[in-house]
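*Asks:* Generate coordinates for the sequence data below:
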Amino acid sequence: MRTRAGIIGVVVLSVLAACASSGDSEDASDQQQEFVDAWAVALQDEEEGLPVEPDEAECMASALMDEIGTEPFDDAAIAPDDIDPEDTVGELLGTGVITTEQADAIIDEWSECVDVAAVMSESATEEFDLGEDGASCIADGLEEDDLLRDLLRPVFTEGSDDPDEATLTALLELVETCGGPSLVDSIASDLASGGLMTEEQAQCVAEALFEDLGYAGLANPEEEAEVTAALVAAAEACGVDPSAFGG
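*Replies:* Below you'll find the model as predicted:
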């Protein structure tokens, strides 16, 4: 609610932890309350959930169900027992089932349950060991230019929670700016760790890949063939034998 996927995963999961909202579940139907309970449990999952308190998770789940009701789940033949902490609402229901307006309404209510930016920055701080200043930096950055909202919308409206390229780029730049790991340096470290190329060669290849694919292509590639071709081209440019990549 996920490896270079680490960088994205942490952030997107952290964002999902912020799926909070106000709402009075006492008026919910029995079926709706079952969904509220299921989402509250998913949001607090030890591995896939986020650092929110039980009452915050209840608030988050209530907000979601108060806004969209049970009908979309009924139409998709999804029962409360089908709610998995690894799945977003959009992944369960499909693209376009929840509208942008509904997603924004939920997001607007989240601040009544939890400080969304603070929750996200807490998770990022733990993952990247950013320290107090780094956490504050991320929290402030998320609130600029609707970055947090742009990250959260796909969680509800899309069949994949991956942000668009512009949003992803802004997010990864923010992590680096606030003291998090450089994506290029992280890739170079991974390449050099196998002992099949020097650190200098690995850095060269990583930089060439970044120039070719950018943040989005490196962190969340859509086509494996595209990455492979870019990797081979980078190896040739840096004087590295492609067999160093296992190919």
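*Asks:* rest of the way, CA atoms for contacts and neighbours
*Replies:* Noted.
*Asks:* Would you list the phi and psi of Ser189?
*Replies:* phi -60, psi -40 (degrees, to the nearest 10).
*Asks:* Also Glu207?
*Replies:* phi -70, psi -40.
*Asks:* my read: it touches Val184, true?
*Replies:* Yes: checked against CA atoms under 8 Å, the pair Glu207 and Val184 is within contact range at 6.2 Å.
*Asks:* Tell me who's in contact with Asp37.
*Replies:* By CA atoms under 8 Å, 6 or more residues apart in numbering, the contact set of Asp37 is 58, 61.
*Asks:* in what helix or strand does it lie?
*Replies:* If you go by DSSP states H and E, Asp37 is part of helix 30-43.
*Asks:* Pull the distance from the helix or strand following that helix to the chain's centre.
*Replies:* Sequence order places helix 54-68 as the next helix or strand after helix 30-43, per DSSP H and E. Taking the mean of its C-alpha atoms, helix 54-68 sits 19 Å from the chain's own mean (CA atoms, centre = their mean, to the nearest Å).
*Asks:* do stretch 97-108 as well
*Replies:* Using CA atoms, centre = their mean, the offset of stretch 97-108 from its chain centre is 17 Å.
*Asks:* Flag every buried residue along it.
*Replies:* Buried residues in stretch 97-108, defined by neighbour count with 16 or more other CA atoms under 10 Å: 97-98, 102-104, 106-107.
*Asks:* so where's this protein uncertain?
*Replies:* Scanning the chain with the threshold set as pLDDT under 70 gives 1-28, 219-223, 244-247.
*Asks:* all helices of the protein, in order?
*Replies:* For the chain, the helices defined by DSSP state H occupy 5-17, 30-43, 54-68, 71-75, 89-93, 100-110, 116-128, 131-142, 147-157, 165-177, 183-193, 199-219, 224-237.
*Asks:* Check which helices and strands the last one sits against.
*Replies:* Going back to what we said before, that points to helix 224-237. Helix 224-237 sits against helix 199-219, with contacts defined as 3 or more CA pairs under 8 Å, 6 or more residues apart in numbering; DSSP states H and E.
*Asks:* For the helix it packs on, could you pull out the residues that count as buried?
*Replies:* 199, 201-210, 212-219.
*Asks:* contact partners of that helix?
*Replies:* Residues outside helix 199-219 that contact it (CA under 8 Å, 6+ apart) are 4-5, 7-8, 165, 168-169, 172, 183-185, 187-189, 191-192, 227, 230-231, 234-235, 237-240.
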